[in-house]
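Student: no sequence on this one, just coordinates:
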């Protein structure tokens, strides 16, 4: 179950200059008076009077479907930077929920790992990952956007020097130097993370993808990405796509209009060639002809 705060929706309304109704972010619960992104992983919510109990498990990570649904340019980048993701919750005890039901927060764990901390740890600040080790309520994996995120566990820590498989976040740079993005194209991120094999003593913080020079229709494949030293992708038998620059609807409409204009324009006369005479206007027999 996904929850998002009405107060945060109001902030986005102001930023986007458009109305956002309850549920517009795809949330099952739109809350009021609850700090959803500040909720601790593992805390429990008692909702309504029918026995429904929920437990906070993880943040939502932005995806292409989310961005396409709202039709807001660069939403994934903006949503990630804002770090106000809302929370996923699992059902501890089922029950009926109705509009206006009260939400009572209880059983807050004795740690400081909030939804916001987890969100930043997996998308922008990998140095926060060690804080997640003792948080038992975190799921073993997050399947949002079809990207597996391996959560650390104290009992899973391997010996020094061992080879481990980890998901390394992908960071994109030089957006402003991409001709395609400057012309209104959309960065289509296929992989927010790349699963890699590396030494437990040398786990990379990120994989950097440079967008410099990329135009609409261009793609970035794994073979063109500088992988961190000492690490190699689990997928090595094929050159997989990491991201591409796609045309937005506005760019596509502009290109289509230009193509129609080019197809209907009269051909230009070559040098030394007289332009084709204009077609004569048919007249009715017996009608007077215009005098010159």
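Tutor: All right, it came through fine. None of the values given here were measured: they were computed from a predicted structure.
Student: low pLDDT regions in the chain?
Tutor: Low-confidence segments of the chain (pLDDT under 70): 63-65, 67, 139-160, 249-252, 255-256, 258, 260, 265, 267-292.
Student: where do the helices sit along it?
Tutor: Per DSSP state H, the chain carries helices over the ranges 6-16, 64-70, 75-82, 115-123, 179-182, 249-264.
Student: So which of those helices is nearest residue 54?
Tutor: Residue 54 lies closest, by Cβ to Cβ, to one member of the helices of the chain: helix 115-123, at 13.1 Å. (Glycine included, C-beta is placed from N, CA and C.)
Student: just to revisit the earlier point, which stretch among the helices of the chain is buried most, on average?
Tutor: Highest mean neighbour count of the helices of the chain: helix 115-123, a mean of 23 (counted as mean count of other Cβ atoms under 10 Å).
Student: so it versus helix 75-82, what angle?
Tutor: Helix 115-123 and helix 75-82 meet at an angle of 120 degrees, taking axes from the mean of the first three to the mean of the last three Cα atoms, to 10 degrees as the criterion.
Student: Can I get the helices of the chain in a markdown table including distance to residue 212?
Tutor: As requested, the helices of the chain are arranged in a markdown table below (distance: least, Cβ to Cβ, whole Å):
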| stretch | distance to residue 212 |
| --- | --- |
| helix 6-16 | 28 |
| helix 64-70 | 23 |
| helix 75-82 | 17 |
| helix 115-123 | 22 |
| helix 179-182 | 10 |
| helix 249-264 | 20 |
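Student: Determine which of those approaches residue 26 most closely.
Tutor: Ranking these by proximity to residue 26 (Cβ to Cβ) places helix 64-70 first, at 6.7 Å.
Student: Tell me how far residue 253 lies from residue 188.
Tutor: 18 Å (Cβ to Cβ, to the nearest Å).
Student: How about residue 41?
Tutor: Residue 41 is 31 Å from residue 188, by Cβ to Cβ.
Student: So if I had to pick from these two, which one is more boxed in?
Tutor: With neighbours defined as other Cβ atoms under 10 Å, residue 41 and residue 188 compare such that residue 41 has more, 24 against 15.
Student: For that one, which residues are in contact?
Tutor: Contact partners of residue 41, counting by Cβ atoms under 8 Å, 6 or more residues apart in numbering, are 56, 57, 58, 109, 111, 113, 114, 115, 118, 135, 137, 138.
Student: Out of the residues you listed, which comes closest to residue 83?
Tutor: Nearest to residue 83 out of the contacts of residue 41 is residue 115 (Cβ to Cβ; 9.5 Å).
Student: the strands in the stretch 1-150 of the chain, which residues?
Tutor: Secondary structure of the stretch 1-150 of the chain (DSSP state E, counting those that start in this stretch): strands at 2-5, 29-31, 44-47, 52-59, 87-93, 103-106.
Student: Could you do the stretch 151-292 of the chain as well?
Tutor: For the stretch 151-292 of the chain, the strands defined by DSSP E, counting those that start in this stretch occupy 163-173, 186-189, 193-199, 207-210, 219-221, 232-233, 241-246.
Student: Just give me how far the first one sits from the chain centre.
Tutor: Right, strand 163-173. Distance of strand 163-173 from the chain centroid (Cα atoms, centre = their mean, to the nearest Å) equals 17 Å.
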